[in-house]
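>>> One predicted model, sequence on top.
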Amino acid sequence: MTRRSGSADLPLQVGRVPQWLADRMSSLGAVVCQAIVHHYGREELLARLAHPFWFQSFGAVMGMDWHSSGITTSVIGALKRGLAPLGNELGIHVCGGRGKHSRRTPDELMALGDRVGFDGYALTRASRLVAKVDSAAVQDGFDLYLHGFFVTDDGKWTVVQQGMNGDKRQARRYHWHSESLASFVEAPHSAIDGPVQGQIVNLTDKRAAPSRDAQLELLVDLGPDSIVREYMSMTTEPAAQGMLPHLIMPAHHDVRSSDVFTRRLHGTLAAAAERGPIDFPELLLTPGVGARTVQSLAMVAEVVHGAPYRFADPARFSLAHGGKDRHPYPVPIKVYDETIRVLKSAVQSAKLGREEELQTLKRLDDQARQLERTASGPSFEDFVGAELKASPALGGRSVFGWEEDLVADQSLPAK
């Protein structure tokens, strides 16, 4: 994973995650993190969280709105709740959050430092510097309102924070990673997510080093009043900022075929059909749930094992468990709960030295990558149509209610 991995345009969305989904997000998020730590170590989990494409896909596979800023708040909140009981086991802790919770980050880090043994003062300073850089040194029109600090027992960390621009109805997410961090004031970000805003003031750009030095000299030699006069007498044209590769998250809420790499979707479906009867025979005895659950497990397995380039289309991962706003279809509760159950069983078995179940999921992901080169399958529209048709039987639920009830009284929201 590279330190600077890209950016994305995020439509600003308000609203709350319903409790029935929030609880499941905490469970699924925690068990996915356990699987990643088991296979690759906790440092790899920090690196994943510092990758904006993976982060967005992670939120989508948990049933959140695939394209919006709400993923940031909901994922951090879900992991803070879900990982709290596992802190001693995994050695990973989540501090901060949105609004008033972000302001509690220093106190939480100090308390963790006393209990775990890392330098709470140093991490508190890092937290404050991260927030200060993104609110003052990078002046891009976004006001910070969320600060999530992920830290391991040995003091390594990732920060995910987000700002909003209310006038433009947009959000920008900033990713930081302590690995290879040499300076807080020169090119420190692992990534910045958000819409392009034209020229911005970014004093953390390495090309701004002469500017930072000159500002200190002016402050010492001339004082603030002279600096103001000097500024008023000059006209300057800022240097163009370097461009990061960025993921454009569209304004439309619905998931469209153009948002999904259909070839990879076909590979997932083919692998589920081919490996499911071999690796999940008991699961497939569950009427109306088993085969569909294997499809979701294949997408979750990719979140655990996939390389960075696999997450350029976060919309595809919303096809695992739908979305709370019925895009691309209602959350299939029976499938979601079965996915959590299978993953928890696999992780518990792995703790006892029985790796077969977790390795089964890895084989499912490996098979999907092989088959996507040649597999064919339904069109995106046909796939979504079939999911909508099956939704009542799979316990489909959204913020509008249970799909079974909506179908019965013919009050379905417009797609």
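Received the coordinates, thanks. Numbers count the residues shown, from 1 in each chain.
>>> Can you list the residue ranges for strands in the stretch 101-250 of the chain?
With DSSP state E, counting those that start in this stretch, the ranges of strands along the stretch 101-250 of the chain come out as 138-139, 143-152, 157-165, 170-177, 189-193, 201-202, 246-248.
>>> Could you tell me the least trusted of those?
The weakest mean pLDDT among the strands of the stretch 101-250 of the chain belongs to strand 201-202, with a mean of 42.
>>> so what's Asp143 bridging to?
Met164 (DSSP bridges).
>>> Let me see the contact set for it.
Asp143 makes contact with Ser135, Gly163, Met164, Asn165, according to CB atoms under 8 Å, 6 or more residues apart in numbering. Using the backbone N, CA and C atoms, a C-beta is placed for each residue, glycine as well.
>>> In ChimeraX, select just the buried ones from the residues you listed.
Restricted to buried positions by 16 or more other CB atoms under 10 Å, the ChimeraX selection for the contacts of Asp143 reads:
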select :135,163,164,165
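>>> TSV for the contacts of Asp143, including distance to Ala111?
Converted to TSV, those look like this (distance: CB to CB, whole Å):
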residue	distance to Ala111
Ser135	24
Gly163	27
Met164	29
Asn165	34
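>>> Spatially nearest residue to the residue positioned nearest the centre of the chain, not counting backbone neighbours?
Nearest to the geometric centre of the chain sits Phe55, at 2.2 Å (CA atoms, centre = their mean). Counting by CB to CB, 6 or more residues apart in numbering, Leu49 is the residue found nearest to Phe55 once chain neighbours are left out, at 6.2 Å.
>>> Show me which residues of stretch 338-351 are buried.
Neighbour counts over stretch 338-351 (16+ other CB under 10 Å) mark Glu338, Thr339, Ile340, Val342, Leu343, Ala346, Val347, Ala350 as buried.
>>> of all those, which comes closest to Glu274?
Relative to Glu274, the closest of the buried residues of stretch 338-351 is Val342; by CB to CB it sits at 17.6 Å.
>>> Let me know the average pLDDT across whatever helix or strand that closest one lives in.
Under the criterion of DSSP states H and E, Val342 resides in helix 333-351. Per-residue pLDDT over helix 333-351 has a mean of 96.
>>> Residues contacting it, please?
Residues contacting helix 333-351 (CB under 8 Å, 6+ apart): 20, 24, 27-28, 31-32, 34-35, 38, 63, 280, 283, 286, 288-290, 292-293, 296-297, 300, 320-321, 355-358, 360-361, 394-397.
>>> Out of those residues, which end up buried?
Members of the contacts of helix 333-351 classed as buried by 16+ other CB under 10 Å are 24, 27-28, 31-32, 34-35, 38, 63, 280, 283, 289-290, 292-293, 296-297, 300, 320-321, 357-358, 360-361, 394-397.
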